[in-house]
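Colleague: Okay, here's the prediction I keep looking at, along with the sequence it came from:
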Amino acid sequence: MADEEGSVRVDVWLWSVRLVKTRSQATAACRAGHVRVNDVRVKPASPVRPGDEVRLRLDGRERIVIVQRIVRKRVGPPIARECLIDKSPPPPPREALIPVAQRERGAGRPTKRERRELDRLRRQWRTPPGLL
């Protein structure tokens, strides 16, 4: 961990300001390359300072925040909001996230053709673009 007064590990800061649920989730995101500080991919132990821009890609959404204050312990939501400036684009509407196959009530089991269409749809949402 950085010994400087005004810095803290990026994984600790992400967890402290409630951008991720667990510290291990923050560490995994850093190792996977989903965290950037000032447009540079960082390791979990990289320091973050006030004024840095942190980009976090998690659950299909990119969060862009500017560090205002350094916190080393997890804080409540009102204090966490004061520690960052959120410049993230608004989240997509819930209806646009995952299309759910709708069947009429009492329609019975899906036919073989309908089952194949459902499998194709599910595969499309699980596989990253370009791998189909």
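Modeller: Sure, I can see it.

Colleague: Which segments of the chain make up each domain?
Modeller: Structural domains annotated on the chain: 8-92, 96-126, as defined by automatic domain parsing.

Colleague: need the ones you listed in a markdown table with mean pLDDT and mean neighbour count, can you?
Modeller: In this view, the C-beta of every residue, glycine as well, is placed from N, C-alpha and C. What follows is these, written out as a markdown table (pLDDT from 0 to 100; neighbours: other CB atoms under 10 Å):
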| stretch | mean pLDDT | mean neighbour count |
| --- | --- | --- |
| domain 8-92 | 93 | 16 |
| domain 96-126 | 78 | 10 |
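
Colleague: Quick check: bridge partners of Val37?
Modeller: Counting by DSSP bridges, Val37 is bridged to Val40, Val54.

Colleague: dump the residue contacts of the closest residue to Ile79 other than its chain neighbours.
Modeller: In space, Ile79 comes closest to Val71 once its chain neighbours are excluded; the distance is 7.5 Å by CB to CB, 6 or more residues apart in numbering. Val71 sits next to 8, 13, 16-17, 79-80, 83 when contact means CB atoms under 8 Å, 6 or more residues apart in numbering.

Colleague: now the helices for this protein?
Modeller: Using DSSP state H, the helices assigned to the chain run over residues 10-16, 23-31, 77-82, 94-97, 112-126.

Colleague: Those: which one's closest to Arg57?
Modeller: Nearest to Arg57, of all the helices of the chain, is helix 23-31, at 7.7 Å by CB to CB.

Colleague: Now tell me what touches that closest one from outside.
Modeller: 10-12, 14-15, 19-20, 35, 42-44, 46, 56-58.

Colleague: on that earlier part again, which two of the contacts of Val71 have the greatest separation?
Modeller: Applying CB to CB across the contacts of Val71, the maximum distance is between Val8 and Ile79, 14.9 Å.

Colleague: That's all I had, so thanks and see you.
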